[in-house]
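S.K.: whatever this is, show me its structure:
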Amino acid sequence: MSNKEESILVAGFNTRPLVYSLHRAGYDVYAVDFFGDSDLYPYVKDSLILTEKLNTNYDFVKNIYNEYLPLLILELLDKYPYIKYLLIGSGLDDGIEERALILKDINRKKYKILNLNNELEAIKKSRNIKFIFSILKKLGYDVPRTVSFDKVSSKINELEYTLILKKKSGSGGTNVYKIQNASDLSFHINLINREGFVPKDWLIQEYIEGNPVSCTTISNGVESELISVNQQIIGDNKYLNAPKDFMYCGNVVPANVFAEERKLIVDISLKLSTELGLKGINGFDFVLRDHYPYLIEINPRIPGSIRASEESMNINLLDLHIKSFTENGWEFVKKTLKDAKTENFTTKMIFFAPKEIDKNLLDKINDLDNVHDKSEPVKSIYKNEPVCTILFKAKSFSDSYLGGLKVVDKIKKIIK
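M.R.: Numbers count the residues shown, from 1 in each chain. Sure, this is the predicted structure:
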């Protein structure tokens, strides 16, 4: 019998980590997921898998799945109209219209489901990086020089290189390019033009070379609290076969940073969380250069580092996310975080396929310790597709990171 009082629908690109934590917290979980990893199913009452529904693969649909996500959410809600909570993870970071469509249909059908996500206006502001930078400059913080591409398209030869060309929408390091000179810029624009390059949708940004870190906060729309400061693993082509320079490949939680660096990161994140009226758990991405954190992006939803944070802090953060939306839950959230002790380091690594991997090898990979987000052994995995996630906990930063790399070595021996 389903527990209708504590049921939740989770939707996103990779819901497995969220589903796992919610199941452990005692919720009946329903999922709309992109991949349908084999270790998702033990923790859900029912699910809809986008690649299955469309009978397609990762590469074909990875750039347009946000169009289908709302339809599958509404389909699952039609099947289970009593579900109490709705939580959207990654996948609709810039999908304001798609989110509005979901909310409109929920209102039209008079579902009593509670929306455990940020308000649309808060998401829109959070994803408008020029607006965010204007807030930070008023507060006295430094930000990367940033301008809309359509304002400088006629001055390509006059730009200061190296720079970043990035789409205003997108997450996980997609649609971000490091540009070395004018001919490199022209090359990338021509490359993007195959899919349609709209100058006003792209930004030219100062390239900040340094240490990528992130900050995870939790808020109730009025107050904000720190969860963790995290080392980011970005574009790791050497060990994890990242298909792009800025592709998100994981985290180490907590980050090994100086106290003054950490203080600035936390101050900026908490001030923005409160200023934007964010709710629940949210993520802030930075690059540390010369001990100064430059904000790069806000993810107004639960970030990919969340399971690593949970392991290091030994608390269920998804349960806290839900409680932060309830009237009486916020005091419990604050007390839990105050009492939490971070006694371990946890490394999360996303391993991408360096070549096509035969489906017959997947069971061997899935049987390894510390492997999660396990690809079902029903079809081969193409080059550049994610194969699995590694989660490794230890008492020191180096033991945690090196422990993760030892699992990577085991995977490479299997697929060699």
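
S.K.: list the contacts of the closest residue to Ile234 other than its chain neighbours.
M.R.: Nearest residue to Ile234, sequence neighbours excluded (CB to CB, 6 or more residues apart in numbering): Pro212, at 4.7 Å. Every residue, glycine included, has its C-beta placed from N, CA and C. Residues counted as contacts of Pro212 (CB atoms under 8 Å, 6 or more residues apart in numbering) are Gln231, Gln232, Ile233, Ile234, Asp285, Phe286, Val287, Leu288.

S.K.: top of these by neighbour count?
M.R.: In terms of neighbour count, Phe286 stands highest of those at 27 neighbours, by other CB atoms under 10 Å.

S.K.: that one and Thr216 touch, don't they?
M.R.: No - contact criterion CB atoms under 8 Å: Phe286 and Thr216 do not qualify, at 12.0 Å.

S.K.: without its sequence neighbours, what residue ends up closest to Val253?
M.R.: Ala308 is the one closest to Val253 (CB to CB, 6+ apart), at 4.1 Å.

S.K.: and after the strand or helix carrying that neighbour, which helix or strand comes next?
M.R.: Taking DSSP states H and E as the definition, Ala308 sits inside helix 306-313. Tracing the chain C-terminally past helix 306-313 and defining elements by DSSP H and E, one meets helix 317-323 next.

S.K.: any idea of the mean pLDDT in that following helix?
M.R.: Helix 317-323 comes out with an average pLDDT of 98.

S.K.: outside of it, which residues touch it?
M.R.: Here helix 317-323 has contacts from 8, 18, 21-22, 25, 27, 85, 87, 116, 218, 227, 280-281, 302, 306, 309-310, 329-330, 332-333, 336-337, using CB under 8 Å, 6+ apart.

S.K.: summarise which helices and strands the next helix or strand after that helix is packed against.
M.R.: Next helix or strand after helix 317-323 toward the C-terminus (DSSP H and E): helix 329-339. Applying 3 or more CB pairs under 8 Å, 6 or more residues apart in numbering; DSSP states H and E, one finds that helix 329-339 contacts strand 211-220, strand 224-234, helix 317-323.

S.K.: Tyr177: which of the ones you listed is closest?
M.R.: Tyr177 lies closest to strand 224-234 among the helices and strands packed on helix 329-339, at 13.7 Å (CB to CB).

S.K.: paired strands for that closest one, with orientation please.
M.R.: strand 211-220 (antiparallel), strand 248-253 (antiparallel) (DSSP bridges).

S.K.: what is the rounded mean pLDDT of the longest one?
M.R.: Yep, that's strand 211-220 we're talking about. 98.

S.K.: between helix 329-339 and it, find me the angle.
M.R.: 140 degrees (axes from the mean of the first three to the mean of the last three CA atoms, to 10 degrees).

S.K.: CA-only coordinates of strand 211-220 in CSV, if you can.
M.R.: What follows is strand 211-220 as a C-alpha-only set of coordinates in CSV (Å, rounded to 0.1, in the frame of the first residue of the first chain):
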residue,chain,number,x,y,z
ASN,A,211,40.6,26.3,-8.7
PRO,A,212,36.9,25.4,-9.3
VAL,A,213,34.8,25.2,-6.1
SER,A,214,31.1,25.3,-5.2
CYS,A,215,29.0,26.1,-2.2
THR,A,216,25.7,24.4,-1.2
THR,A,217,23.2,26.3,0.8
ILE,A,218,19.7,25.8,2.2
SER,A,219,17.0,28.5,2.5
ASN,A,220,13.4,29.0,3.4
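
S.K.: in that strand, what's buried?
M.R.: Asn211, Pro212, Val213, Ser214, Cys215, Thr216, Thr217, Ile218, Ser219, Asn220 (16 or more other CB atoms under 10 Å).

S.K.: quick one: distance of it to the chain centre.
M.R.: Taking CA atoms, centre = their mean, to the nearest Å, one finds strand 211-220 lying 11 Å from the centre of the chain it belongs to.

S.K.: same check, this time on the shortest one
M.R.: Its chain's C-alpha centre and that of strand 248-253 lie 10 Å apart, by CA atoms, centre = their mean.

S.K.: number of residues surrounding Ser375?
M.R.: Residues near Ser375, counting by other CB under 10 Å: 24.

S.K.: phi and psi next, for it.
M.R.: Note on Ser375: its backbone torsions stand at phi -70, psi 130 [degrees, to the nearest 10].

S.K.: helix, strand or coil for Ala100?
M.R.: Under DSSP: H, G, I helix; E, B strand; the rest coil, Ala100 falls in the helix class.

S.K.: could you find the closest non-adjacent residue to it?
M.R.: Leu120 (6.2 Å).

S.K.: what pLDDT does the one you found get?
M.R.: At Leu120, pLDDT is 97.

S.K.: my guess is it contacts Glu98, does it?
M.R.: No - look at Leu120 against Glu98 with CB under 8 Å: they stay out of range, at 10.5 Å.

S.K.: and those two? which has more neighbours close in?
M.R.: More crowded of Leu120 and Glu98, by other CB under 10 Å: Glu98, with 18 against 13.

S.K.: isn't that one right up against Lys104?
M.R.: No - the pair Glu98 / Lys104 is not scored as a contact, 10.8 Å apart, by CB under 8 Å.

S.K.: the domain parsing of the chain - what is it?
M.R.: 4-117, 145-206, 211-415 (automatic domain parsing).

S.K.: got those domains as TSV, with distance to Phe131 columns?
M.R.: Below are the domains of the chain laid out as TSV (distance: least, CB to CB, whole Å):
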stretch	distance to Phe131
domain 4-117	14
domain 145-206	11
domain 211-415	10
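
S.K.: least reliable of the ones you listed by average pLDDT, please.
M.R.: Minimum mean pLDDT among the domains of the chain: domain 145-206, a mean of 84.

S.K.: hmm, back to that, mind listing the residues bridging to the residue nearest to Ile234?
M.R.: Here Pro212, judged by DSSP bridges, has bridge partners Val287.

S.K.: ok, now how distant is it from Phe286?
M.R.: 7 Å (CB to CB, to the nearest Å).

S.K.: Lys271: neighbour count?
M.R.: By the criterion of other CB under 10 Å, Lys271 has 15 neighbours.

S.K.: no, scratch that, I was asking about Val408
M.R.: 17.

S.K.: does it really touch Ile390, like I thought?
M.R.: Yes - taking CB under 8 Å as the definition, Val408 is a contact partner of Ile390 at 6.7 Å.
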